[in-house]
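**Student:** Build me a model from this:
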Amino acid sequence: MKARSLAAGVLALSLVAAACGDDDDTTADEPTDTTAEEPAEEPAEEPSEEPAEEPSTETTTATTEAAGECNPLPLVQEGMLTVATGETVFPPWMGAGEDDFDDPSTGTGYEGALVFALAEEMGFTADQVTFVRTGFDEVIAPGSKDWDFNIQQYSITPERDEVVDFSDGYYTVDQAIIGAADSPAASATSIADLKPLRIGAAIGTTSLDYAEAIIDPDGDVQVYDDNSAAKAAFDAGQVDAIVFDLPTAYYITAVEITDASIIGILPEGDTPDELGMLFEDGNPLVPCVNAALQTLSDNGTLEALEQEWLAAGGDIPVFDS
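**Tutor:** Numbers count the residues shown, from 1 in each chain. Below is the predicted model of the structure:
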């Protein structure tokens, strides 16, 4: 556009100069004046071409609006990131330090450390992060939420996504079977071997979904209010085996039920089990969290946290389908 305006200006100056020269020829005053005046008006037409630049202005405006979606952040409490998590939090997910059990504010455990890494990436200081407690199953329901997001190993499923929103996945998890060394589960090597067993799992969890859909035992899966209740039932001999996500199973067999072991890992099924942060349906904070999560993935932070808090040694068989 600038080059074109300059050319028009040069043409106008040339025509004006020609007109001035013709003015000296009094024998051709009128024809010369008419010829000179018409081209001399071309610069005045230049503004009519300016609308061609409008798409550039609109693009800039749209880009600015997109960049501003997270500035300021849409929060339930201005200046604070309010994070919901379980009524009790368990290692290796949160409260994993020696003296940090059930304290998400310490930033220990995979999810605990992830919350503070996300907060920092989004511009919060540690004292601008506050935690509230909820049950697991109660929040997977439509309606308003009094927190920004909830993190307590929520698997992303189509059914849940109909009533709440999820972040992108922050961990892909396997489901494992825990059994006592002297139980019928100890000798199981396939899904068929698991079917006659009494299987337990916590309500509302993907572990329960896997127990019912993948194992599909001969009897009903025993359903418990939470992981603690499932562990208590196992300790009391009410079930032969319980299903947990693999990192939780590592912790339980190492610290809480030391006379049990991980018998095997269940097949993935049709789609991998991904964990995501849970939001109120339509929450505009979701893309802001996703952008921060993507940065943590790209710069290696997620992998480092996984290695620090979730990785465990040992070869565990995967059950045949």
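**Student:** Low-confidence regions, this protein specifically.
**Tutor:** 1-68, 313-314, 321 (pLDDT under 70).
**Student:** Show me where the stretch 101-250 of the chain has its strands.
**Tutor:** Using DSSP state E, counting those that start in this stretch, the strands of the stretch 101-250 of the chain run over 129-134, 149-150, 164-166, 171-173, 175-180, 199-202, 222-224, 241-245.
**Student:** Out of those strands, flag the one nearest Pro74.
**Tutor:** Nearest to Pro74 among those is strand 149-150 (11.6 Å), distances taken as C-beta to C-beta. The C-beta positions use only the backbone N, C-alpha and C, and glycine is treated the same way.
**Student:** helices or strands next to the closest one in the packing?
**Tutor:** strand 81-86, strand 278-280 (3 or more C-beta pairs under 8 Å, 6 or more residues apart in numbering; DSSP states H and E).
**Student:** Redo the strands of the stretch 101-250 of the chain as TSV? Include mean neighbour count and distance to Glu212.
**Tutor:** Shown next, in TSV, are the strands of the stretch 101-250 of the chain (neighbours: other C-beta atoms under 10 Å; distance: least, C-beta to C-beta, whole Å):
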stretch	mean neighbour count	distance to Glu212
strand 129-134	16	24
strand 149-150	24	24
strand 164-166	20	22
strand 171-173	17	17
strand 175-180	25	12
strand 199-202	25	8
strand 222-224	19	9
strand 241-245	27	10
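**Student:** JSON lines please, covering the helices and strands packed on strand 149-150 and showing mean neighbour count and distance to Phe101.
**Tutor:** Output for these, formatted as JSON lines (neighbours: other C-beta under 10 Å; distance: least, C-beta to C-beta, whole Å):
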{"stretch": "strand 81-86", "mean neighbour count": "22", "distance to Phe101": "13"}
{"stretch": "strand 278-280", "mean neighbour count": "22", "distance to Phe101": "23"}
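**Student:** With distance to Gly107 as added columns, please give these in CSV.
**Tutor:** Shown next, in CSV, are the helices and strands packed on strand 149-150 (distance: least, C-beta to C-beta, whole Å):
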stretch, distance to Gly107
strand 81-86, 11
strand 278-280, 20
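**Student:** Which one, of the ones you listed, ends up nearest to Asp235?
**Tutor:** Closest to Asp235 of these, according to C-beta to C-beta: strand 81-86, at 20.2 Å.
**Student:** so that closest one versus strand 129-134, what angle?
**Tutor:** Angle of strand 81-86 versus strand 129-134, following axes from the mean of the first three to the mean of the last three C-alpha atoms, to 10 degrees, is 30 degrees.
**Student:** if we can go back for a sec, quick one: the strands of the stretch 101-250 of the chain as CSV, columns for distance to Asn299 too.
**Tutor:** As requested, the strands of the stretch 101-250 of the chain are arranged in CSV below (distance: least, C-beta to C-beta, whole Å):
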stretch, distance to Asn299
strand 129-134, 20
strand 149-150, 21
strand 164-166, 22
strand 171-173, 17
strand 175-180, 29
strand 199-202, 34
strand 222-224, 39
strand 241-245, 25
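**Student:** and Ile156, which of those is closest to it?
**Tutor:** For the strands of the stretch 101-250 of the chain, proximity to Ile156 was assessed by C-beta to C-beta; strand 164-166 is nearest, at 4.7 Å.
**Student:** Strand partners (parallel or antiparallel) of that closest one?
**Tutor:** Here strand 164-166 has these sheet partners by DSSP bridges: strand 278-280 (antiparallel).
**Student:** Now do the contacts for the residue lying closest to Asp165 once chain neighbours are set aside.
**Tutor:** In space, and not counting its chain neighbours, Asp165 is closest to Phe279: 4.3 Å by C-beta to C-beta, 6 or more residues apart in numbering. Neighbour list for Phe279: Lys145, Asp148, Phe149, Asn150, Val164, Asp165, Phe166, Ser167, Leu285, Val286, Val289 [criterion: C-beta atoms under 8 Å, 6 or more residues apart in numbering].
**Student:** so how far is Gly264 from Phe279?
**Tutor:** Separation of Phe279 from Gly264 (C-beta to C-beta, to the nearest Å): 34 Å.
**Student:** try Phe131
**Tutor:** Phe131 sits 35 Å away from Gly264, going by C-beta to C-beta.
**Student:** With Ala113 instead?
**Tutor:** To Gly264, Ala113 is 29 Å away according to C-beta to C-beta.
**Student:** same question, Asp127
**Tutor:** From Asp127 to Gly264 the distance is 44 Å (C-beta to C-beta).
**Student:** same thing with Met122?
**Tutor:** Distance from Met122 to Gly264, by C-beta to C-beta: 39 Å.
**Student:** With neighbour numbers in mind, choose between these two.
**Tutor:** Set Met122 next to Gly264 and count neighbours by other C-beta atoms under 10 Å: Gly264 wins out with 22 against 19.
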